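A.B. asks: would you be able to build a 3D model of this:
(chains A, B, C and D)
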Amino acid sequence: MSAFISLLKRDLLLAVRSRAEVLQPLFFLLVVVSLFPLGLGPGPALLARIAAGVIWIAALLASTLSLDGLFRADFDDGSLEQFLTSGHSLSLLVLAKIIAHWLTTGLPIVLFSPLLAVWLNLPREALPVLVKSLLLGTPVFSLIGAIGAALTVGLRQGGQLLALLIFPLLIPVLILATGAVSAATDNIGSSAYLLWMAAYAVLMLTLAPFACAASLRISLS
Amino acid sequence: MNPVMKFIHKTGSPAYFYWLSGRMIPWLWAIFAVLTIWGMYQAFFVAPTDYQQGESYRIIYIHVPAAWMSMMIYILMAIFGAIGLIWRIRIAEIFAVSSAPIGAAFALIALITGSIWGKPTWGTYWVWDARLTSQLVLFFLYLGVMGLHSAIDEPRKAARAAALLALVGVVNLPIIHFSVDWWNTLHQGTTVKIGGGSKMPNSMLIPLLVMAIATKFYYGAALLTRARNRLLDQDRRRGWVAKKIKEDQL
Amino acid sequence: MNPHTPYILVAYGTSIFIMLLIAVLPILRGRKLRQELRNRASVENQRHQ
Amino acid sequence: MSKPLKYNPRAALVDIYPPAKDNTAQCTHELDTQIVTAVDKQVAEQEENVCIRVENLLFERWFIPVFESLNFSVKAGETLLVRGTNGSGKTTLLRLLAGILDPTEGRIHLPELPVAWLGHKLGIKDSLSVRENLQFMARFHNMQPTDKLINETISQLDLERVAEQDAGSLSAGQRKRCALGALLFQSEAIWLLDEPYSNLDDNGMKVVDRLLTLHQQNGGITILATHGALTPQSLEVRELIVLGYQDSERYRESLA
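C.D. replies: Reported below is the predicted structural model:
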């Protein structure tokens, strides 16, 4: 257990040390979202309709961007080999890394989503549901993304392949989340969608670390 | 070793598998050919024209079997992959890797025939219908598995990685299927389901089942052919290959 | 000529083409591989004698 | 069941590095009965304190064996020097023993001991200072990183001058010595070192020799791979020659 906490603290310390690198996904998010009004015109009615989808797709792209580096640094400097031979359960260590990734990428996305909602003229009553859906959805990005990152860690251009591997698996989250927000805008109850997202997040929270640990063992062999 | 383990071990030995599959493949092709000819004959000459869609509904006799096959092959690929990962049986890994292209081909066929069929029925080639969309996602899953397999050099490692991805995919498959269905009813309300909904008279249904069985034999034959090639390529330096060449049984 | 026939022809045509491709390619590859192995074996036999 | 050998790390370092687990490191060695034939069991009985046993080990990459199949055993407190030319599979053998790779054929019997691995990639973070790296390593291996412990380790590795510098800014030799710190925190583990002497200067090598001697007196097992003349000076070592598949007779047979 102390290994879990020490690894989590170390990763957060590393993230703080290389702040610029950690903020890149956030800047990417802001830029991508601001492209849509420029591309589709500033019409408030149109923007309001597509707001949820745009924010969610941008969030998905932003967290995938940072996933490639999740294991690459540890793979290159030999830390992964230390994890494997340390005798600690690899899935627990992987969970620490996934939580560190979520804290550095997922959480900022959730915190900045109100700003994005204002940019895209999202109706006021849909904002709390958007934030809740992001809180439930971004962990799944990190969990499933970690499996993709573990499978492609040793490959030359693993980044593009990583996106192809995990996007199909993230479709349910995207559908449920945008469904929740659109339900909120028409102010019919969105709690069903959020509960389904919570269920999916818990399922991935239990299964993903094992799959990710197995992927790392394969990538290192 | 109990009999079951002995059987697995025996079929696991490459030479025995190579010989056995060599014997089976011609039969599988033969049965596939017979069933297809019979199925096609019934599909085009026996089945009545549909009162709504006229003749274009006959595309279901290739569209629906292909869609079923693409789903079944993905599940089988995940099972073969799991066996390969857990018990490290090389033949299972080879089966998983060889199934991917066949499954992707069926998914592609289902997509193409589905969209061609959409033109006369709905007026456009692509409709974001629930089943066509989840078929598209399944095709992307296949591309992911094949992409990962070709990206890794060492064959055994590539097979194990692809097998694991297939397992992760198969766990998510039902979830994707339901969420796409849900998404479809959310945005479009209930559209006409592709053919399946209305009660089909027997004369229409039989060719569908015949073709469904025929495509399974096709899968069996194509899979064994690919598996034999891959096994032979891997074991080219092994003793049993040299022996087979000497006895001219290759 | 029923108005739907072209659709049926194109649908079945592409399907048969894909299924043929997936079935025939490995058969050809297999034959080439076996031929290569036989040639290599015979070359080694001559070199061995 | 051979008599379990109990040994307690008694080295000079033990008061500074108390074993994390309270019970003494068990070097029990249970034989998988159905694999080992009756004959082997008598043999095992005689070599009482055999800790690691490797039976016809084989690993294949691209379906070609990396080295000639290996059979050897290692006793507690023994240091095994794995020698072989480049590409003979020394690193592969160590990675098999460390559990990073799984053998294609054969079996490895390892006791319940943890494994300490030091490969070509050192496993230290360049953006952290030497002290921070050592603190993480200590906590990661279930030890309390007290100042006394960290300072003692830094002096053991004589990295006092560069303790606060980032590991990335150090020389290759200094970074290697920083990585050796991890071994000190795993005093009761089996040490698997892949060319520990590479890019070390003279006193760097002395540091390694001191650690190896302490570990040996400690009753711990070390298996280290080296290709050149750089071998431990101050302790007796048993050698294992690993023959690459290219120059093994089985390969020559297959060509004949």
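A.B. asks: alpha carbons only for contacts and neighbour counts from here, please
C.D. replies: Will do.
A.B. asks: so how far is the host helix or strand of residue A:174 off the chain centroid?
C.D. replies: According to DSSP states H and E, residue A:174 maps onto helix A:158-185. Averaging C-alpha positions (CA atoms, centre = their mean, to the nearest Å) puts helix A:158-185 10 Å from its chain's average.
A.B. asks: for chain B, what lies in contact range of chain D?
C.D. replies: Proximity of chain B to chain D, by CA under 8 Å from any CA of the partner chain, involves residues B:154-156, B:234-235.
A.B. asks: and of these, the nearest to residue D:104?
C.D. replies: Distances from the residues of chain B next to chain D to residue D:104 were compared by CA to CA; the smallest belongs to residue B:156, at 10.7 Å.
A.B. asks: how many neighbours does the spatially closest residue to the closest one that is not a sequence neighbour have?
C.D. replies: Among residues not flanking residue B:156 along the chain, residue D:62 sits closest, at 7.6 Å (CA to CA, 6 or more residues apart in numbering or on different chains). Other residues near residue D:62 come to 13 when the count uses other CA atoms under 10 Å in any protein chain shown.
A.B. asks: Produce a ChimeraX select command limited to the buried residues of the residues of chain B next to chain D.
C.D. replies: In ChimeraX syntax, the buried subset of the residues of chain B next to chain D is picked out as below (16 or more other CA atoms under 10 Å in any protein chain shown):
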select /B:155,156,235
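A.B. asks: now the residues of chain B next to chain D in JSON lines, with distance to residue A:129 and secondary structure?
C.D. replies: Listed next are those as JSON lines, based on distance: CA to CA, whole Å; DSSP: H, G, I helix; E, B strand; the rest coil:
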{"residue": "B:154", "distance to residue A:129": "47", "secondary structure": "coil"}
{"residue": "B:155", "distance to residue A:129": "47", "secondary structure": "helix"}
{"residue": "B:156", "distance to residue A:129": "46", "secondary structure": "helix"}
{"residue": "B:234", "distance to residue A:129": "54", "secondary structure": "helix"}
{"residue": "B:235", "distance to residue A:129": "58", "secondary structure": "coil"}
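A.B. asks: I'd like the residues of chain B next to chain D as a markdown table, with pLDDT and distance to residue B:109 appended.
C.D. replies: Compiled in a markdown table, the residues of chain B next to chain D are given as follows (pLDDT from 0 to 100; distance: CA to CA, whole Å):
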| residue | pLDDT | distance to residue B:109 |
| --- | --- | --- |
| B:154 | 92 | 31 |
| B:155 | 93 | 28 |
| B:156 | 93 | 30 |
| B:234 | 92 | 31 |
| B:235 | 90 | 33 |
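A.B. asks: residue A:81: helix or strand, and which one exactly?
C.D. replies: Per DSSP H and E: helix A:79-85 holds residue A:81.
A.B. asks: actually residue A:148, not the one I wrote
C.D. replies: Going by DSSP H and E, residue A:148 is in helix A:127-151.
A.B. asks: for chain A, what lies in contact range of chain B?
C.D. replies: Residues of chain A that fall close to chain B, judged by CA under 8 Å from any CA: A:151-152, A:155, A:161, A:164-165, A:168-169, A:171-172, A:175-176, A:179, A:211, A:215, A:218-219, A:221.
A.B. asks: and the pLDDT for residue D:156?
C.D. replies: The model reports residue D:156 with a pLDDT of 87.
A.B. asks: show me what contacts it?
C.D. replies: By CA atoms under 8 Å, 6 or more residues apart in numbering or on different chains, the contact list for residue D:156 reads residue D:207.
A.B. asks: circling back to that earlier point, what's the helix holding residue A:174 packed up against?
C.D. replies: Helices and strands touching helix A:158-185, by 3 or more CA pairs under 8 Å, 6 or more residues apart in numbering or on different chains; DSSP states H and E, are helix A:44-67, helix A:127-151, helix A:191-220, helix B:130-151, helix B:155-188.
A.B. asks: and the angle from that helix to helix A:191-220?
C.D. replies: For helix A:158-185 against helix A:191-220, the angle by axes from the mean of the first three to the mean of the last three CA atoms, to 10 degrees is 170 degrees.
A.B. asks: report the angle between helix A:158-185 and helix B:155-188.
C.D. replies: For helix A:158-185 against helix B:155-188, the angle by the same axes, to 10 degrees is 20 degrees.
A.B. asks: for helix A:158-185, buried residues please.
C.D. replies: Across helix A:158-185, burial judged by 16+ other CA under 10 Å covers A:158-159, A:161-185.
A.B. asks: so for it, mean pLDDT?
C.D. replies: The average pLDDT for helix A:158-185 rounds to 93.
A.B. asks: and the angle for it with helix B:130-151?
C.D. replies: 160 degrees.
A.B. asks: what's the angle from helix A:158-185 to helix A:127-151?
C.D. replies: If you take the same axes, to 10 degrees, helix A:158-185 sits at 160 degrees to helix A:127-151.
A.B. asks: and helix A:158-185 with helix A:44-67, angle?
C.D. replies: Going by the same axes, to 10 degrees, helix A:158-185 makes 150 degrees with helix A:44-67.
A.B. asks: next, name the residue at the spatial heart of the chain.
C.D. replies: Just so you know, I chose chain A. Geometric centre of chain A, nearest residue: residue A:141, 3.5 Å, by CA atoms, centre = their mean.
A.B. asks: actually, chain D is the one I wanted.
C.D. replies: Closest to where the C-alpha atoms of chain D average out (CA atoms, centre = their mean) is residue D:192, at 1.5 Å.
A.B. asks: just the element for it, please.
C.D. replies: Residue D:192 belongs to strand D:190-194 when assigned by DSSP H and E.
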